[in-house]
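Asker: Take a look and give me a structure for this.
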Amino acid sequence: MTPDLMIAGVMLVALILYTLTGGADFGGGVWELLAGGPRKDAQRRLIDVSIQPIWEANHVWLILLIVLLFVCFPAAFAAVCTALHVPLALMLVGIVLRGSAFVFSHYDPLHGRGALRWGGVFALASLVTPVTLGIVLGALGSGFEVDPRTGFVATDFVSQWLAPYPFAVGLFTLALFAFLAAVYLVCEADDPLLRADFRARALASAAVVGASALLAFLVAPPAIRHDLSASSWATPLHLATGLAAVAAIVALWTRRDRLARACAMAQVTLIVVGWAVAQYPYLAHPGYTIAGTAAPVSVLTPLLVALALGGLVLFPSLAYLFVVFKRRRAA
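Answerer: Modelled structure (predicted):
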């Protein structure tokens, strides 16, 4: 495997980890917005407690992804950030507002008007940010032509992302994050009634995930739709993803909550892998390939060494963060 493919693999792993951690946190914000019934306050308290361990630390995976794109594939980075600067800016604003609102909402110990106002900002930012993230990922599937006169991306700053497919992927991303969060919250809840609330939300959002996935497939560009349906890897990957999805639903229905969480994580991982394989060998279709935009080997090889050394520090640190917060909650 060449260094550029190894870096692309690390970027894929970072995207998967961000989806499994940050995506669930965004989904928690969605359920905070939609909290209702006699236990709505308890639902919101559970969401707050559940996302505390890595509520901002999970952005390390997004930062890693962006830095690797900038350093290792500079031409693709420039093209993406130019053509998609509008949804990228909205996503950044959503991330900042969400993190700030989460903190400010806890400055009101009595949970009065200020806490409610900032809680609303947190919930709305959690709703908008996954959609813009999905729009960016969907936009990478088409429209990135290189202008032969300038050698740069041909763009009007709108046409690459203001299209049905990117918005369908945005809706799908939102549904996927909400599903993942609901499954996690089923496992986090100690109260049987709260557990039942989020189990019902998880089952409902699983249906929305399936419907939005079908919509995204139907409006996908021909090249993406072909790879997702006619490629040699398509059938095994779809079978594995479908099996994980059905297993998650069955486990939720039969109250095997930890198994449901594992199956949901496997389903989400396979979905992200399927998107990446459908994109391959392009970072931005059709003008920016992995090999064609890669930095020199003299840049990629030392970076791989740095990533290996950094992983020795990062993964134990995040694991310790989980242990500290989970023990505090148990106490």
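
Asker: now the host helix or strand of residue 305: how far from the chain's centre is it?
Answerer: Assigning secondary structure by DSSP states H and E places residue 305 in helix 297-330. Counting by C-alpha atoms, centre = their mean, to the nearest Å, helix 297-330 is centred 19 Å from the centre of its parent chain.

Asker: Stretch 154-166 now?
Answerer: 21 Å.

Asker: where does residue 265 land in three-state SS?
Answerer: Judged by DSSP: H, G, I helix; E, B strand; the rest coil, the three-state class of residue 265 is helix.

Asker: next one: the one 3 residues further on
Answerer: The three-state label for residue 268, taken from three-state DSSP, comes out as helix.

Asker: Could you give the number of residues near it?
Answerer: Counted by other C-beta atoms under 10 Å, the residues lying close to residue 268 total 25. Yep, even glycine has a C-beta here, placed from its N, CA and C like the rest.

Asker: Same question for residue 301.
Answerer: Other residues close to residue 301 by other C-beta under 10 Å number 13.

Asker: mind listing what residue 314 touches?
Answerer: By C-beta atoms under 8 Å, 6 or more residues apart in numbering, the residues touching residue 314 are residue 60.

Asker: Next one, pLDDT for it please.
Answerer: Residue 314 is assigned a predicted lDDT (pLDDT) of 88.

Asker: for residue 127, same thing?
Answerer: Residue 127 is given a pLDDT of 91.

Asker: For residue 292, list the residues it contacts.
Answerer: Residue 292 sits next to residue 75 when contact means C-beta under 8 Å, 6+ apart.

Asker: Confirm it sits in a helix?
Answerer: Yes: assessed by three-state DSSP, residue 292 belongs to a helix.

Asker: 48 is where my numbering starts, stick with that
Answerer: Understood, numbering begins at 48; the last thing we discussed is residue 339.

Asker: my read: residue 166 touches residue 82, true?
Answerer: No: using C-beta atoms under 8 Å, residue 166 makes no contact with residue 82, being 9.6 Å away.

Asker: Between the two, tell me which one has more neighbours.
Answerer: More neighbours surround residue 166 than the other of residue 166 and residue 82, with 23 against 20 (other C-beta under 10 Å).

Asker: quick one: contacts of stretch 49-61?
Answerer: 48, 108-109, 111-112, 115-116, 119-120, 319-320, 323, 330, 337-338, 341, 344, 347-348, 350-351, 354.

Asker: For it, could you pull out the residues that count as buried?
Answerer: Within stretch 49-61, the residues scored as buried using 16 or more other C-beta atoms under 10 Å are 50, 51, 53, 54, 55, 57, 58, 59, 61.
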